[in-house]
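A.B. asks: Starting from these lines, generate the structure:
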Amino acid sequence: MLFASTDTTATTPVHPHIISVKLHDVNQLFNSMDPSPFIEKDLDDDAEEFIVSWAQEFSPNAPIKLCIFLDQWPAEDPNDLITKAIHNHFSHRKEITDLEFKRLLKQGRTSLVIGLLFLAACLLLSRILLGRDTGTGAAILRESLTIGGWVAMWRPMQIYLYDWWPLRRLSRIYSKLSHMPVELIRKERS
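C.D. replies: Sure thing, here's the model as predicted:
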């Protein structure tokens, strides 16, 4: 069972927002299909989505802390191991997001070159084929070539105006999560 809470007395940056996760045992936190060693395991998709969605709710500069409440405490103290595994997971997610960002910018540059060449070709073709012809057909063809050329610029404009910033925001969140304090708490039996 997962839940989050905020420290309502936290009005200064000194007090972190608390993301609380209640688990039966430590294994619920990690992807059971991942054969990696424990410290390199991926988080369970639901656990990751829960933690990230709560981190997104808080201000980007606000400190956060992850508290994990466990019903069953392992034989050995899991604090360092779990903290390192969570930090490794979010650090890896940040690296992947940064790679996606670089690929997006490369795609944007390629799309921009293609779009500019196509726009130039359309405008040049319009000028060469139609010259100063003022007929209705010529006007329709001229406008169609101009619109077609500008439509080719749609994708690079979308990348450079809108597509990049969600990746940068997610990268900053993963970076913050890869350094957040993690506290494991033994749940008291009632």
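A.B. asks: give me every residue that touches the residue nearest in space to the middle of the chain.
C.D. replies: Nearest to the geometric centre of the chain sits residue 170, at 3.2 Å (C-alpha atoms, centre = their mean). Residues in contact with residue 170 (C-beta atoms under 8 Å, 6 or more residues apart in numbering) are residue 97. C-beta here means a position set from N, CA and C on the backbone, and glycine is covered the same way.
A.B. asks: Doesn't it belong to a helix?
C.D. replies: Yes. If the criterion is DSSP: H, G, I helix; E, B strand; the rest coil, then residue 170 is within a helix.
A.B. asks: Tell me the pLDDT of it.
C.D. replies: Residue-level confidence at residue 170 comes out at 95, pLDDT.
A.B. asks: That one and residue 23, how far apart?
C.D. replies: Going from residue 170 to residue 23 by C-beta to C-beta, to the nearest Å gives 25 Å.
A.B. asks: Could you do residue 96 as well?
C.D. replies: Residue 96 is 25 Å from residue 23, by C-beta to C-beta.
A.B. asks: go on, residue 139?
C.D. replies: Residue 139 is 69 Å from residue 23, by C-beta to C-beta.
A.B. asks: So for these two, which residue has more residues nearby?
C.D. replies: Each of residue 139 and residue 23 has its neighbours counted (other C-beta atoms under 10 Å); residue 23 has more, 19 against 12.
A.B. asks: The more buried one contacts residue 71, correct?
C.D. replies: Yes. Using C-beta atoms under 8 Å, residue 23 is in contact with residue 71, at 7.1 Å.
A.B. asks: report the longest helix in this structure, please.
C.D. replies: For the chain, the helix reaching the highest residue count under DSSP state H is reported as helix 79-130.
A.B. asks: and the helix or strand just after it with helix 79-130, angle?
C.D. replies: Downstream of helix 79-130, the next assigned helix or strand under DSSP states H and E is helix 136-151. Counting by axes from the mean of the first three to the mean of the last three C-alpha atoms, to 10 degrees, helix 136-151 points 160 degrees away from the direction of helix 79-130.
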